[in-house]
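Student: Need coordinates for the below:
(2 chains)
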Amino acid sequence: GNSVTQMEGPVTLSEEAFLTINCTYTATGYPSLFWYVQYPGEGLQLLLKATKADDKGSNKGFEATYRKETTSFHLEKGSVQVSDSAVYFCALSSGSGNTGKLIFGQGTTLQVKP
Amino acid sequence: SAVISQKPSRDICQRGTSLTIQCQVDSQVTMMFWYRQQPGQSLTLIATANQGSEATYESGFVIDKFPISRPNLTFSTLTVSNMSPEDSSIYLCSVEETSWGSYNEQFFGPGTRLTVL
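Tutor: Model prediction:
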């Protein structure tokens, strides 16, 4: 069945460091891929998405490229801030034209220190 | 984007009791979903609730334990029945909404944090 695997956390970085959170997936067909973020005490928010191979999703300085050949969707940011401290979830949807059932990775906690 | 509210935001319950969680959306949506996030774990889909039809449950979740109502296009409830400490989780509802073109996005409510003693 479909699944998502994320790198284990927590990831601890200093402010302005480069961030990579790895995400790989297993899926049949052509899934859509997402990164969600959960800030402390808040609900889940969509950070970025990509709906087909080679698409690059971007938002708030974060980027992720849909790599079908490596079944990956790694999250990157060139310079993290303390305010980026949160839990990040990679997810996929196999629905065509709709999100349908989202399958989430286990989440990666990011801690950014000043 | 849809604005979703949930009630209660948190609760502490005794084992053997039931709790009903409400999810209210500020716009009409066809598809609503209920997820569970156990402590330190990822989100797991419990069921899909479409207005006018029975909810569709995922493997490992049954209607007797998690009955769902969907009386209209802006509201749904999830009941956690005969609770045990293993039901302690955050329960989230989400909705699917057309973002642009034909592509849909899923938006999440703030969650209900349930602790069962």
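Student: Contacts for stretch B:56-69, please.
Tutor: Where contact means CB atoms under 8 Å, 6 or more residues apart in numbering or on different chains, the residues beyond stretch B:56-69 that reach it are A:101, B:34, B:44-50, B:55, B:76-82. In this view, the C-beta of every residue, glycine as well, is placed from N, C-alpha and C.
Student: Now, of those, which are buried?
Tutor: A:101, B:34, B:45-50, B:55, B:76-78, B:80-81 (16 or more other CB atoms under 10 Å in any protein chain shown).
Student: sorry, back to before: mind listing which of the contacts of stretch B:56-69 are in strands?
Tutor: With strands identified by DSSP state E, the entries of the contacts of stretch B:56-69 that belong to them are B:34, B:44-50, B:76-80.
Student: want to try JSON lines for the residues you listed, with pLDDT and distance to chain A as columns?
Tutor: JSON lines is the format used below for the ones in strands among the contacts of stretch B:56-69 (pLDDT from 0 to 100; distance: CB to the nearest CB, whole Å):
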{"residue": "B:Trp34", "pLDDT": "96", "distance to chain A": "12"}
{"residue": "B:Thr44", "pLDDT": "92", "distance to chain A": "8"}
{"residue": "B:Leu45", "pLDDT": "92", "distance to chain A": "6"}
{"residue": "B:Ile46", "pLDDT": "95", "distance to chain A": "11"}
{"residue": "B:Ala47", "pLDDT": "94", "distance to chain A": "10"}
{"residue": "B:Thr48", "pLDDT": "91", "distance to chain A": "7"}
{"residue": "B:Ala49", "pLDDT": "91", "distance to chain A": "13"}
{"residue": "B:Asn50", "pLDDT": "85", "distance to chain A": "12"}
{"residue": "B:Ser76", "pLDDT": "96", "distance to chain A": "16"}
{"residue": "B:Thr77", "pLDDT": "96", "distance to chain A": "18"}
{"residue": "B:Leu78", "pLDDT": "97", "distance to chain A": "16"}
{"residue": "B:Thr79", "pLDDT": "98", "distance to chain A": "21"}
{"residue": "B:Val80", "pLDDT": "98", "distance to chain A": "19"}
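Student: farthest pair in those residues?
Tutor: Every pair in those was compared (CB to CB); the two farthest apart turn out to be B:Asn50 and B:Val80, at 20.6 Å.
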